[in-house]
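*Asks:* With the input below, show me the fold.
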Amino acid sequence: MAVTLALSILDLMAEAVTEASLKGLRLGVDSKNELQRLRNNLVALNAILEDAERKRRTDRAIELWLDRLTDAAYDLVDVLDEWITTLMKLRIEGVGKTSILKAKVGFHISHCLHTAQVVRRDDLDFKLKEISDRLDEIANHRNMFHLISSIEFQHSRRIESTALVDVSAVIGRDEVKEDIVSSLLSASTEQLKTISVVGMGGVGKTTIAQLVYHNEEVKQHFDNRIWVVVSDVSDKTDVAKPIIKGVEHDKRFEGVNSLDSFSLAALADRICRSIPGRKFFLVLDDMWAGDRQCWEVLIQAFKHGAPGSRILLTTRDERVAIMMDSHVIHLKPLPDDQCWMLVSREAFSGRGVERCRNLEDIGRRISNKCRGLPLIAKVLGALLRFKSSREEWEKILNSEIWESEIAYQSILLGYYDLPSPLMRECFKYCAIFPKDFVYHGETLIYHWMAQGYLGWDINEDLELIGREYIRNLAARSFFQDFLMDRDGPESTLKMHDITHDLALSLMINNGIVIEVMNPGGNSMIDFSSTKARYARALIPGGCCLRTSIYGAEKLRSLMITSEENAITNEAVRIIFDQAKQLRLVDFGCHNALVDTIPKEIENLIHLRHINLSGSKIKGLPRSLFELHNLQYLNLDNSESLENLPDEIGNLINLRHINFSGSKIKGLPGSLCKLHNLRYLILNSCEALENLPNGIGKLINLIYLGTLHCYSLAYYPKSARRLTSLRQLHGIVLRADRNDPKEFTLGDLENLNHLCELSMVLKGNAVNDRELKRAKFENKTQLKEIKVE
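*Replies:* Numbering: from 1, shown residues only. Presented below is the predicted three-dimensional model:
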């Protein structure tokens with residue numbers, strides 16, 4: 001969600017403002033106060049987002065409220081990103097040489113800025129205040145919806161439950177509910193009785209506990225009802241604190257809200273003093289196996305309650321029930337007919353009677369795949385609601401995913417269990433690609449990076465973070481046919497149709513739109529009827545995208561794919577003129593009708609990623625080199641490209657350059673200023689004659705490719721300092737002797753992270769001394785060597 005993005009950049013911005021103020025630079029009249037005000041609101045709103053997201057499908061008011069919140073959060077990200085970009089521009093354009101602030105986003109502010117000077121002060125203050133006022137109003141309205149705050153643990157967890165439940169949506173659990181209620185209300189001489197509901201994930205344990213918790217007889221019977229989500233929390237004080245607050249909320253004990261410093265023993269003692277004479281009902285939801293000794297401290301404290309007090313816990317692990325010495329109720333999966341009731345209620349919503357009758361037989365067969373799990377029945381029903389034809393339903397029925405050990409339910413459960421909200425955004429973003437798309441790890445990582453999902457700190461190894469995200473998603477079966485090189489992002493992977501549908505259904509709420517052009521003549525894209533922020537447009541054969549583009553103002557990511565050359569110069573100009581919030585532009589590989597980059601590209605100050613491969617561009621405009629946020633520049637197979645200006649050195653955030661197949665003869669020395677560069681791809685540049693002598697300054701480079709660069713005479717000696725390289729393809733090196741100017745075989749000595757190496761050897765023989773100096777025995781990760 002945009003709120004998570006806004007919080008991440010806001011924290012970075014606040015750090016920059018604080019450091020700048022210590023240096024005597026006034027960034028704005030009230031900027032620091034506004035940033036803190038914004039952060040306070042966002043933290044409070046972020047805590048209730050999960051509950052709001054769950055309820056938005058059935059509550060139109062919450063959906064509209066979330067849309068307003070999303071708009072405000074994206075606007076905030078844009079304002080702060082613009083502010084950071086302004087500071088970068090000041091540094092790059094030579095406002096001064098002495099840096100007084102070097103923030104993680106890679107910008108510097110100069111002493112030449114007098115302490116009374118303000119960087120875009122009025123504009124920044126006005127925009128921040130306007131967004132703060134909007135968020136104030138949005139935050140105030142949240143109380144209308146009774147949204148429940150959840151606690152975010154640092155480790156993986158499932159979505160946190162609440163005590164709320166829609167009773168009308170529950171099917172097939174009346175008997176179990178009545179049995180538990182009867183047990184809770186029955187007369188007993190036991191001081192404390194514990195009941196455990198045991199069952200697999202998704203079977204409805206929390207739902208049963210919610211039904212019991214809200215039963216009117218239960219409400220009347222107990223003095224206090226307390227709901228606590230345990231999950232796999234290791235610190236039992238986090239369980240004790242909400243119990244104390246639940247018991248003491250009406251007793252006016254001092255310090256109820258300041259329990260952070262209490263030990264478990266102190267909290268247990270507090271419980272002992274709070275509950276005598278009180279008959280309480282405590283729900284411990286989602287308990288996992290833990291230290292019996294720690295739980296024993298709390299169990300003994302609970303026994304100080306009045307006779308008839310009860311504990312109801314839910315767990316997947318029967319060992320927990322045994323540990324708690326409880327009466328066990330095994331919650332079984334629903335029978336097929338009840339699963340079908342859940343599926344059909346979702347799937348047939350809004351459909352006519354005849355359409356429902358036509359799909360019922362296949363729908364019942366699909367519902368039998370749910371394994372009796374209500375959670376999966378509801379999600380599957382929601383997916384079927386978006387499928388209108390019998391063929392689409394049959395495709396789901398016959399999907400091979402049902403044959404796997406990890407069934408469909410794991411996908412959704414795994415989604416909620418992802419370690420971070422930004423990783424969830426990465427999963428949802430995959431919906432922008434078409435079904436059956438073969439993802440390349442590098443492509444995904446740089447798409448995610450452009451949106452800020454991997455973080456804002458350019459000094460971090462964002463590619464490594466991206467690889468970890470891919471591995472994490474694959475481990476939860478979000479990807480199939482997964483193959484990844486452990487030393488790089490050169491993975492290939494696919495997403496199953498059903499998984500893609502899930503990502504799409506989650507992404508729809510964030511405004512994704514996919515437009516498919518109708519063949520025949522001049523095609524158009526119209527985003528005006530949506531709030532599209534992430535879009536993919538497909539142009540089939542016979543169409544040509546010229547001037548008909550509407551409503552692209554909010555777009556942050558735009559992919560256009562075509563079966564043949566269909567994008568024109570004018571279409572590119574209009575897009576760049578309209579869509580000023582773009583972070584990513586990817587026009588695929590069929591761009592032969594594009595022979596120039598329009599000056600309107602200067603509008604795209606937020607741009608991180610541009611792919612114009614296959615174009616006929618001859619030169620790059622100076623306006624391109626004012627896009628200081630640019631991270632990814634792909635002009636692969638742009639065979640008309642001949643020259644690169646010195647201004648390329650201004651793109652200090654570039655991490656990936658691909659000029660393969662172009663006619664460039666050399667690289668300017670300024671390119672060696674790009675210290676964040678990870679990929680430099682120059683394969684099949686047949687006219688390339690030399691590399692800059694300072695190339696060794698690119699110390700973060702992990703891929704360097706000059707395959708089939710037949711005019712390249714040698715590599716500069718400084719390339720021996722590229723010790724981060726993992727893949728070195730097409731290096732031209734002298735093997736017969738050491739040379740003070742040219743890269744030689746022995747200069748591979750310290751390149752010990754290499755995994756792949758292909759060499760073009762110069763000289764009549766391999767010098768033994770050079771071969772020994774290369775120390776191939778130290779290159780333990782090297783798995784492939786090719787010699788030409």
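
*Asks:* which helices and strands does the strand or helix carrying Gln210 pack with?
*Replies:* Using DSSP states H and E, Gln210 maps to helix 205-213. Applying 3 or more Cβ pairs under 8 Å, 6 or more residues apart in numbering; DSSP states H and E, one finds that helix 205-213 makes contact with helix 174-185, strand 192-198, strand 280-287, strand 309-315. C-betas here are computed from N, CA, C, even on glycine.

*Asks:* doesn't Phe587 make contact with Asn611?
*Replies:* Yes. Counting by Cβ atoms under 8 Å, Phe587 is a contact partner of Asn611 at 6.2 Å.

*Asks:* Check the offset of stretch 450-458 from the chain's centre.
*Replies:* Distance of stretch 450-458 from its chain centroid, counting by Cα atoms, centre = their mean, to the nearest Å, is 10 Å.

*Asks:* Low-confidence regions, the stretch 151-300 of the chain specifically.
*Replies:* Within the stretch 151-300 of the chain, the set of residues satisfying pLDDT under 70 comprises 151-169, 189, 231-236, 238, 249-261, 289-294.

*Asks:* residue boundaries of the helices in it?
*Replies:* 174-185, 205-213, 216-221, 237-248, 264-274, 292-302 (DSSP state H, counting those that start in this stretch).

*Asks:* Among those helices, which comes closest to Asn690?
*Replies:* Among these, the nearest to Asn690 by Cβ to Cβ is helix 237-248 (62.2 Å).

*Asks:* packing partners for that closest one?
*Replies:* strand 224-231, helix 264-274, strand 280-287.

*Asks:* dump the residue contacts of the spatially closest residue to Leu7 that is not a sequence neighbour.
*Replies:* Once flanking residues are discounted, Leu7 sits nearest to Leu42: 5.2 Å by Cβ to Cβ, 6 or more residues apart in numbering. Leu42 is in contact with Val3, Ala6, Leu7, Leu10, Ala73, Leu135, counting by Cβ atoms under 8 Å, 6 or more residues apart in numbering.

*Asks:* what's the average pLDDT for the one helix or strand Leu42 maps to?
*Replies:* Under the criterion of DSSP H and E, Leu42 resides in helix 31-46. The average pLDDT for helix 31-46 rounds to 79.

*Asks:* where does the stretch 551-700 of the chain dip in pLDDT?
*Replies:* 563-566, 590.

*Asks:* Which parts of it are helices?
*Replies:* So, for the stretch 551-700 of the chain - with DSSP H, counting those that start in this stretch - the helices run 569-578.

*Asks:* Pretty sure Arg533 is one of the things Gly551 touches, is it not?
*Replies:* No. Here Gly551 does not reach Arg533: they are 11.7 Å apart, not a contact under Cβ under 8 Å.

*Asks:* quick one, which of those two is more surrounded?
*Replies:* Neighbour totals were compared for Gly551 and Arg533, and Arg533 leads with 23 against 17 (other Cβ atoms under 10 Å).

*Asks:* Distance of the more buried one relative to Glu553?
*Replies:* 10 Å (Cβ to Cβ, to the nearest Å).

*Asks:* Kindly report the same for Asp768.
*Replies:* Separation of Asp768 from Glu553 (Cβ to Cβ) stands at 66 Å.

*Asks:* more crowded one of those two?
*Replies:* Between Asp768 and Glu553, Glu553 has the larger neighbour count (other Cβ under 10 Å), namely 12 against 8.

*Asks:* so who does that one touch?
*Replies:* Here Glu553 is in contact with Gln578, Ala579, Lys580, Gln581 (Cβ under 8 Å, 6+ apart).

*Asks:* quick one, what contacts the nearest residue to Lys193 once chain neighbours are set aside?
*Replies:* Among residues not flanking Lys193 along the chain, Arg310 sits closest, at 5.4 Å (Cβ to Cβ, 6+ apart). Arg310 is in contact with Leu184, Leu192, Lys193, Thr194, Ile195, Phe222, Phe280, Phe281, Leu282, counting by Cβ under 8 Å, 6+ apart.

*Asks:* Not counting residues beside it along the chain, what's closest to the fourth one?
*Replies:* Spelled out, that is Thr194. Leaving aside its sequence neighbours, Thr194 sits nearest to Ser326 (Cβ to Cβ, 6+ apart; 3.7 Å).

*Asks:* so the one you found makes contact with Leu192?
*Replies:* No. The criterion here is Cβ under 8 Å, and Ser326 misses it with Leu192 at 10.3 Å.

*Asks:* Common neighbours of the two, please.
*Replies:* If you check Ser326 and Leu192 against Cβ under 8 Å, 6+ apart, the residues they both contact are Ile311.

*Asks:* tell me, how many neighbours does the residue nearest to Ser349 when sequence neighbours are not counted end up with?
*Replies:* Nearest non-adjacent residue to Ser349, counting by Cβ to Cβ, 6+ apart: Arg385, 5.9 Å away. Look at Arg385: counted by other Cβ under 10 Å, it has 16 neighbours.

*Asks:* so Arg385 touches Ser344, yeah?
*Replies:* No. Counting by Cβ under 8 Å, Arg385 stays clear of Ser344, with 10.4 Å between them.

*Asks:* deepest of the helices of the stretch 151-300 of the chain, which one?
*Replies:* helix 205-213 (a mean of 23; mean count of other Cβ atoms under 10 Å).
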